[in-house]
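Undergrad: Sequence isn't available, so here's the structure alone:
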């Protein structure tokens, strides 16, 4: 990636131009970071509907064919499928760790290797998720 800065005193505002051979996840991430737009999801807890910023989400998991987002202090039911969320969430923050969970890497407290070769993820809200062997290589590449 090359970055060029052109100072033009005739401009009133900053103009960012991205030239790319094709759209990619990297370009989407750059655009989102430049525009400082983070995704807002709606979640249901009881009879109330909440707006949650993607940065507040620690883990998204499926249980009994329903999808939930866990924040620091509550669990909210989402009306999305995991694969839909995997596509729309910021790929520089969220990674799929199993068939039933997506984690926010910035909400991880620590990783713990177990005797049987599994890796346990301890989140800041006290929850635990397990990285399945299928996703382990992808997670290791993501965090290194």
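TA: Nice, I can see it. Fair warning: this is a prediction, and the values are worked out from it, not measured in the lab.
Undergrad: Spell out, range by range, the helices that occur in the chain.
TA: 25-35, 82-88, 133-143 (DSSP state H).
Undergrad: Please convert these to CSV, extending it with mean neighbour count and distance to residue 45.
TA: Just so you know, the C-beta spots here come from the backbone N, C-alpha and C atoms, and that holds for glycine as well. Converted to CSV, the helices of the chain look like this (neighbours: other C-beta atoms under 10 Å; distance: least, C-beta to C-beta, whole Å):
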stretch, mean neighbour count, distance to residue 45
helix 25-35, 13, 27
helix 82-88, 14, 18
helix 133-143, 13, 28
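Undergrad: now the ones you listed in a markdown table, with mean pLDDT and distance to residue 54?
TA: Formatted as a markdown table, the helices of the chain follow (pLDDT from 0 to 100; distance: least, C-beta to C-beta, whole Å):
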| stretch | mean pLDDT | distance to residue 54 |
| --- | --- | --- |
| helix 25-35 | 74 | 10 |
| helix 82-88 | 90 | 9 |
| helix 133-143 | 89 | 17 |
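Undergrad: Show the contacting residues for the residue nearest the centre of the chain.
TA: Centroid-nearest residue in the chain, with C-alpha atoms, centre = their mean: residue 94, separated by 2.4 Å. Residues in contact with residue 94 (C-beta atoms under 8 Å, 6 or more residues apart in numbering) are 54, 57, 60, 85-86, 102-105.
Undergrad: ok, back up a step: can I get the helices of the chain in CSV with distance to residue 127?
TA: Supplementary listing: the helices of the chain in CSV, determined by distance: least, C-beta to C-beta, whole Å:
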stretch, distance to residue 127
helix 25-35, 26
helix 82-88, 16
helix 133-143, 16
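Undergrad: Just tell me which of those ends up closest to residue 117.
TA: Nearest to residue 117, of all the helices of the chain, is helix 133-143, at 7.5 Å by C-beta to C-beta.
Undergrad: What are the contacting residues of the closest one?
TA: With contact meaning C-beta under 8 Å, 6+ apart, helix 133-143 is reached by 95-99, 105, 111, 117-119, 131.
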